[in-house]
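Engineer: Quick check, what structure comes out for this input:
(one chain, ligands or ions: 1)
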Amino acid sequence: MQSYSLLAPGKINLYLEIIGDRPDGFHELVMILQSIELADRIDIKASGTQKITIYCDHPQVPLDETNLAYKAALLMCEVFPDVYANYGGIDLRITKNLPVAAGLAGGSADAAAVLVGVNLMWNLGLTQLELQELAAKLGSDIPFCLNGGTVIATGRGEKLDEIGCLDNLWVVLAKSKTTGVSTPWAYQTYRQQYSDSYITDPDGFRHRRDRVSTGALVQAIAAKDSSKIGGLLYNDLEKVVLPNYPQVEQLKTEFSSIETLGTMMSGSGPTVFALFETKEQADEVAKQVKISIGDPDVEFWVTKLASNGIQVI
Ligand code: C5P
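Structural biologist: Numbering: from 1, shown residues only. The predicted structure is shown next:
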């Protein structure tokens, strides 16, 4: 049995619209999700013991069963108990390059990599569809993280339709090290403030989904029209996160005041991103905003949009 090394790319949300409540307590969403090249690395091997062990030297990454990567390994052990008994436990080493609790699906990407890695290590032969079904049990973003690319995600975020390939654009990510936004808090606060405008009937959901999938942003993505894409970025969760997190609002204001294709908060934040045609423009703006913010607590990354999900290296 081999050990495997995998790359687990993060994502940004080009579009996030909350359209209503779901019977399972989650929100019905229409999102456009986009992979980025910035990725964690997961090394996976059999441990020889009946245990799942996580190694990671990032202080914010839990090493216990609260880690989504651990949950992914545990799910595989539970679904395939005979294989688990035969091969033994799983050692996971996580090299964290994606910022933690950032709205970039770092934890979800790690979990997706564990599903792919265990499938290979245990010779399970699960198809991408079967892996996606397991992924959806663990979290709303994990099915996307498996496949990656540029995708419309609906339902909880687990129903995926590929819409093109945007891997020509560059992105600056900015995040305050000490700011964390709880995803449940963001959705719950949104519900408290905006549930009056929620759609309640399935026909309404379908109409909204169709409006986005035939809408201007999807057309701009298909046409690779970068400036149109930048102008059509959208995220409902900004309405609750920006007023409550002045550091996030400040980053958004800074990026909005200079030349970018467009800027938006990713997911439930607190990362703010901006899009660019070239690496030089992205590097230059990251430098400028770093100076104008003047706060060592804020970190910057320059990366490229990507067309892939989990990759074996
Ligand atoms: O599925 P995931 O674990 O990523 O979701 C984290 C939290 O975000 C959920 O517990 C829920 O509060 C909120 N959420 C939601 N509707 C979704 C996805 C997430 O309300 N479609």
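Engineer: I'd like to know how many residues surround residue 261.
Structural biologist: 19 (other Cβ atoms under 10 Å). Glycine gets a C-beta too; all of them are placed from N, C-alpha and C.
Engineer: show me the contacts for it.
Structural biologist: Residue 261 makes contact with 169, 226, 227, 229, 230, 231, 274, 275, 276, 277 under the criterion Cβ atoms under 8 Å, 6 or more residues apart in numbering.
Engineer: cool, residue 116 as well?
Structural biologist: 6, 131, 146, 310, 312.
Engineer: So is the helix or strand that residue 39 is a member of next to the ligand?
Structural biologist: Using DSSP states H and E, the element containing residue 39 is strand 27-46. Yes: against the ligand, strand 27-46 shows contacts by Cβ under 6 Å from any ligand atom at 27, 29.
Engineer: any idea how far the nearest residue to residue 183 once chain neighbours are set aside is from the ligand?
Structural biologist: Nearest residue to residue 183 in three dimensions, chain neighbours excluded: residue 268, at 4.4 Å (Cβ to Cβ, 6 or more residues apart in numbering). Look at residue 268 and the ligand: by Cβ to the nearest ligand atom, to the nearest Å, they are 7 Å apart.
Engineer: hmm, which helix or strand of this protein has the shakiest average pLDDT?
Structural biologist: helix 81-87 (a mean of 91; mean pLDDT, DSSP states H and E).
Engineer: Pull out the buried residues from it.
Structural biologist: 84, 87 (16 or more other Cβ atoms under 10 Å).
Engineer: CA atoms only: put that helix into CSV for me.
Structural biologist: C-alpha atoms of helix 81-87 as CSV (Å, rounded to 0.1, in the frame of the first residue of the first chain):
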residue,chain,number,x,y,z
PRO,A,81,-15.1,-1.0,8.2
ASP,A,82,-13.6,-4.2,6.7
VAL,A,83,-11.1,-2.3,4.7
TYR,A,84,-10.2,-0.2,7.7
ALA,A,85,-9.8,-3.3,9.8
ASN,A,86,-7.6,-4.8,7.1
TYR,A,87,-5.3,-1.8,6.4
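Engineer: Tell me how many other residues crowd the residue lying closest to residue 28 once chain neighbours are set aside.
Structural biologist: Closest residue in space to residue 28, ignoring its immediate chain neighbours: residue 20 at 4.5 Å, by Cβ to Cβ, 6+ apart. Neighbour count of residue 20, defined by other Cβ under 10 Å: 17.
Engineer: Repeat that for the one 4 residues further on.
Structural biologist: By the measure other Cβ under 10 Å, the count of residues near residue 24 is 8.
Engineer: Please identify the helix or strand for it.
Structural biologist: Here residue 24, judged by DSSP H and E, is contained in no helix and no strand.
Engineer: How about residue 290?
Structural biologist: Secondary structure assignment for residue 290, by DSSP H and E: helix 279-293.
Engineer: just how off-centre is the helix or strand following that helix within its chain?
Structural biologist: Per DSSP H and E, helix 279-293 leads on to strand 298-304 as the next helix or strand towards the C-terminus. On the basis of Cα atoms, centre = their mean, to the nearest Å, strand 298-304 sits 15 Å off its chain's mean C-alpha point.
Engineer: just checking, next helix/strand downstream of strand 298-304?
Structural biologist: strand 311-312.
Engineer: Walk me through which strands that following strand pairs with, and which way each runs.
Structural biologist: Using DSSP bridges, strand 311-312 pairs in its sheet with strand 4-21 (antiparallel).
Engineer: beta partners of residue 305?
Structural biologist: What pairs with residue 305, by the bridge criterion (DSSP bridges), is residue 36.
Engineer: show me the contacts for it.
Structural biologist: Residue 305 neighbours (Cβ under 8 Å, 6+ apart): 34, 35, 36, 37, 150, 166, 167, 168, 169, 170, 171.
Engineer: So which of those wins on neighbours?
Structural biologist: residue 34 (29 neighbours).
Engineer: Taking strand 27-46 as reference, get the angle to the helix or strand containing residue 162.
Structural biologist: Using DSSP H and E, residue 162 sits in strand 159-164. For strand 159-164 against strand 27-46, the angle by axes from the mean of the first three to the mean of the last three Cα atoms, to 10 degrees is 90 degrees.
Engineer: what does strand 159-164 contact?
Structural biologist: Strand 159-164 is contacted from outside by 32, 132, 143-144, 147, 149-154, 213, 218, 221-222, 224, using Cβ under 8 Å, 6+ apart.
Engineer: tell me the pLDDT at the closest residue to residue 95 other than its chain neighbours?
Structural biologist: For residue 95, ignoring the flanking residues on the chain, the nearest one in space by Cβ to Cβ, 6+ apart is residue 41 at 4.1 Å. Residue 41 is assigned 98 on the pLDDT scale.
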